[in-house]
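>>> One predicted model, sequence on top.
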Amino acid sequence: MASKELLVVSGVQPTGPMHIGNWAGSLRNWIDLQDKHPERCLFFIADYHSMTIEYDPKEKQSQILDLAATVLALGLDPKKSTLFVQSDVPEATELCWIFNTVTPIAEMERMTQYKDKAARHAKNINMGLLDYPVLQAADILLYGGNAVPVGQDQVQHVETTRVIARSFNKRFGAFFPEPKALLTDTPKVMSLTEPTKKMSKSHGEKSCLLLDDEPETVLKKMKAVPTEPTGVVTEDALETEAFAGVKLLLDLIELCEGKAARKAALAESPVKYGDLKKRAAEAVAGRFADYRAKKKELLKNPDRIRMVLASGGAKARAHAKQTMQAVLKVTGLR
């Protein structure tokens, strides 16, 4: 099953509107990877994974559709990539169960994300939270994925996938590849209201710059970013907690327009923070103007989006069925 050629697999959960941190950390990389490795990328909407936290079932389908429209509007090309919904390939959960039988519980209990999510969702610490990395391993290995684009904070999950593949191969013979983390340049985008913390929807919508935010909303949110009183900005000062908000504003300008724009924003000293916030808002709103227009156009014809997902799902499932037939044979179940 192993392949010397790169085969990229990645997913994102449909839990509501995407923010600029989601784009910087993963969605932007999807577009870059499909251009570098056309027809070698599988990207999925992880609806099974999204069930581990409480949600309104009535909203899930609209969240899936909205996320699909988001990635398509950002530039994902179904001719270059396979885009599908995770639950359209039930073989993923079938393989997850088989992987459960070769995965030590201790391996799951040590996972940093499990500890973090269990702390945040103390009233709903379910088996899905604990078993999440096993399903993730199935998501990757079901297609023979050998490259997983992640930031440094996700490397542990890829290592767990390697451990599971190794355990399966040891028991049933060489079968699955041991995928490697494809470390990506994923700048950490910080919260607007608490710029010492990573941007997250769990901190409230005011702390996030949503990709769908209109220019006036972006400016309103940007005005709430805390700054300091002097306006004297140095590289050393930007590393201190007092300047965390100022650093965030500059990082957003660089993220959307490049290093030269960041440098130009510091041309005057002392820096006028009102002007800096306006400049950052313009950079963000301008960067995603085309995206917003494309997404609105896509959502006018939701059936076309569903067709893209159905086509991707059929392609992914055809591959998954072949894998499972072979898995059932090597495990003695067929």
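Here it is on my side, so go on.

>>> where do the strands sit along the stretch 51-200 of the chain?
With DSSP state E, counting those that start in this stretch, the ranges of strands along the stretch 51-200 of the chain come out as 81-85, 147-150, 180-183.

>>> Mind listing what's buried along the following helix or strand past the last one?
Put plainly, it is strand 180-183. Later in the chain than strand 180-183, the nearest helix or strand by DSSP states H and E is helix 215-223. The neighbour-count check on helix 215-223 (16 or more other C-beta atoms under 10 Å) flags 218-219, 221-222 as buried. In this view, the C-beta of every residue, glycine as well, is placed from N, C-alpha and C.

>>> before we move on, what about stretch 88-95?
Buried residues in stretch 88-95 (16+ other C-beta under 10 Å): 88-89, 91-92, 94-95.

>>> Not counting its own residues, what contacts it?
44, 48, 86, 135, 138-139, 141-142, 309-310, 313, 316-317, 320-321, 323-324, 327 (C-beta atoms under 8 Å, 6 or more residues apart in numbering).

>>> Separate out the buried members of these.
For the contacts of stretch 88-95, a burial check counting by 16+ other C-beta under 10 Å picks out 44, 48, 86, 135, 138-139, 141-142, 309, 313, 316-317, 320, 323-324, 327.

>>> Looking at the strands of the stretch 51-200 of the chain, spot the one closest to Ala281.
When those are compared by C-beta to C-beta, strand 147-150 sits nearest Ala281, at 29.2 Å.

>>> who does the helix or strand containing Gln322 touch, helix- and strand-wise?
Per DSSP H and E: Gln322 is located in helix 302-330. For helix 302-330, the elements it packs on are strand 41-45, helix 57-74, strand 81-85, helix 91-100, helix 289-299, judged by 3 or more C-beta pairs under 8 Å, 6 or more residues apart in numbering; DSSP states H and E.

>>> what residues does the longest one touch?
Outside of helix 57-74, the residues within contact range by C-beta under 8 Å, 6+ apart are 12, 14-18, 23, 27-28, 30-31, 43, 45, 47, 50, 78, 83, 85, 211, 291-292, 294-295, 298-299, 302, 305-306, 308-309.

>>> same deal with the first one?
Counting contacts by C-beta under 8 Å, 6+ apart, the residues outside strand 41-45 that touch it are 7-14, 30, 33-34, 64, 67-68, 71, 76, 80-86, 89, 139, 143, 145, 309, 316.

>>> Going through these, which ones are buried?
7-14, 30, 33-34, 64, 67-68, 71, 76, 80-86, 89, 139, 143, 145, 309, 316.

>>> Spit out the contact partners of the residue nearest to Pro133 when sequence neighbours are not counted.
Nearest non-adjacent residue to Pro133, counting by C-beta to C-beta, 6 or more residues apart in numbering: Thr160, 4.6 Å away. Counting by C-beta under 8 Å, 6+ apart, Thr160 touches 107, 111, 133, 136-137.

>>> before we move on, what about Arg166?
Counted by C-beta under 8 Å, 6+ apart, Arg166 has contacts Glu178.

>>> Same check on Gly145?
Per C-beta under 8 Å, 6+ apart, neighbours of Gly145: 7-9, 42, 139, 177, 179.

>>> Adding pLDDT as columns, could you present these in TSV?
Shown next, in TSV, are the contacts of Gly145 (pLDDT from 0 to 100):
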residue	pLDDT
Leu7	96
Val8	97
Val9	97
Leu42	98
Asp139	98
Pro177	96
Pro179	96
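
>>> between these, which is closest to Ala285?
Using C-beta to C-beta, the contacts of Gly145 come closest to Ala285 at Val8, 30.7 Å.

>>> how about the contacts of Gly145 in JSON lines, adding distance to Pro187?
Converted to JSON lines, the contacts of Gly145 look like this (distance: C-beta to C-beta, whole Å):
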{"residue": "Leu7", "distance to Pro187": "26"}
{"residue": "Val8", "distance to Pro187": "20"}
{"residue": "Val9", "distance to Pro187": "23"}
{"residue": "Leu42", "distance to Pro187": "25"}
{"residue": "Asp139", "distance to Pro187": "25"}
{"residue": "Pro177", "distance to Pro187": "29"}
{"residue": "Pro179", "distance to Pro187": "24"}
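
>>> and Val134, how many neighbours?
Neighbour count of Val134, defined by other C-beta atoms under 10 Å: 22.

>>> is it true that it touches Val102?
No. If you go by C-beta atoms under 8 Å, Val134 and Val102 don't touch, sitting 9.5 Å apart.

>>> Could you look up the SS state of Ser10?
Assigned with DSSP: H, G, I helix; E, B strand; the rest coil, Ser10 falls in the strand class.

>>> give the contact list for it.
26, 29-30, 41-44, 148-149.

>>> Can you add distance to Ile253 and give those residues back as TSV?
Shown next, in TSV, are the contacts of Ser10 (distance: C-beta to C-beta, whole Å):
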residue	distance to Ile253
Ser26	21
Asn29	21
Trp30	23
Cys41	30
Leu42	34
Phe43	29
Phe44	33
Val148	30
Pro149	25
